[in-house]
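**Student:** Sequence first, predicted model second:
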Amino acid sequence: MTLAPNSELVTVAWLRGVPGIDPSQVSTSRPQDNSTWAGSGFVQVGPMSGQPDVYIPMRRPVASVHLWAVNLNSGKPPWAKAAALGEAILADCQTHEPRDVSDQLPAQYRGARVLSAYAMGEPRRVPGDLTSYAHFVFDLQLHWCEVP
């Protein structure tokens, strides 16, 4: 049985194609074991909003994107490392190139093409109680459609 892709899967797939971000650094949940991403940082796709287009088969979700970095050996958060993830995503939004993300979707899903991606603001620092963590968040809007 082949399944239709959803906006969360497509957003993760698009982010896995951002130059400078390893696909293993992107998911919907942050790994519990911080040592697996301490060197590279992590991109987490959070809640989705938006609505499908009622006239054409186009989806326009807005995803909350969380950028994480951790310093395991210090209480000083690595803000620059988390900010660099955001800058890589912002730079990729500026290319305005459509991207087929079908190869990044699970095998049982039909394909998808992201026609455009827009940052809906600058990444914002999220102060927290965990002093060794750097956390930024911003909204990302994709325009995508399913492909056969």
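**Tutor:** Good, I have the coordinates. Numbers count the residues shown, from 1 in each chain.
**Student:** Tell me, how many residues neighbour residue 98?
**Tutor:** Counted with other CB atoms under 10 Å, residues neighbouring residue 98 total 14. For every residue, glycine as well, the C-beta is placed using N, CA and C.
**Student:** just residue 47 next, same as before
**Tutor:** 9.
**Student:** which one is it nearest to, not counting chain neighbours?
**Tutor:** residue 64 (5.1 Å; CB to CB, 6 or more residues apart in numbering).
**Student:** The one you found belongs to a strand, doesn't it?
**Tutor:** Yes. Checked against DSSP: H, G, I helix; E, B strand; the rest coil, residue 64 lies within a strand.
**Student:** Can you classify residue 84 by secondary structure?
**Tutor:** Three-state call for residue 84 (three-state DSSP): helix.
**Student:** Surely it and residue 25 touch.
**Tutor:** No. With contact defined as CB atoms under 8 Å, residue 84 and residue 25 do not form a contacting pair (11.6 Å).
**Student:** so where is this protein shaky, pLDDT-wise?
**Tutor:** Residue ranges of the chain with pLDDT under 70: 129-130.
**Student:** mind listing the strands for it?
**Tutor:** Using DSSP state E, the strands of the chain run over residues 26-27, 42-49, 62-70, 99-100, 111-119, 124-125, 133-147.
**Student:** returning to that earlier point: residues in a beta bridge with the residue nearest to residue 47, which ones?
**Tutor:** With DSSP bridges applied, residue 64 shows beta-bridge pairing to residue 139.
**Student:** contacting residues for residue 66?
**Tutor:** 30, 43, 44, 45, 46, 126, 135, 136, 137 (CB atoms under 8 Å, 6 or more residues apart in numbering).
**Student:** nearest to residue 147, of those residues?
**Tutor:** residue 45 (20.7 Å; CB to CB).
**Student:** how far away is that closest one from residue 74?
**Tutor:** Distance of residue 45 to residue 74, given as CB to CB, to the nearest Å: 28 Å.
**Student:** more crowded one of those two?
**Tutor:** Taking other CB under 10 Å, residue 45 and residue 74 do not tie; residue 45 has more neighbours (23 against 10).
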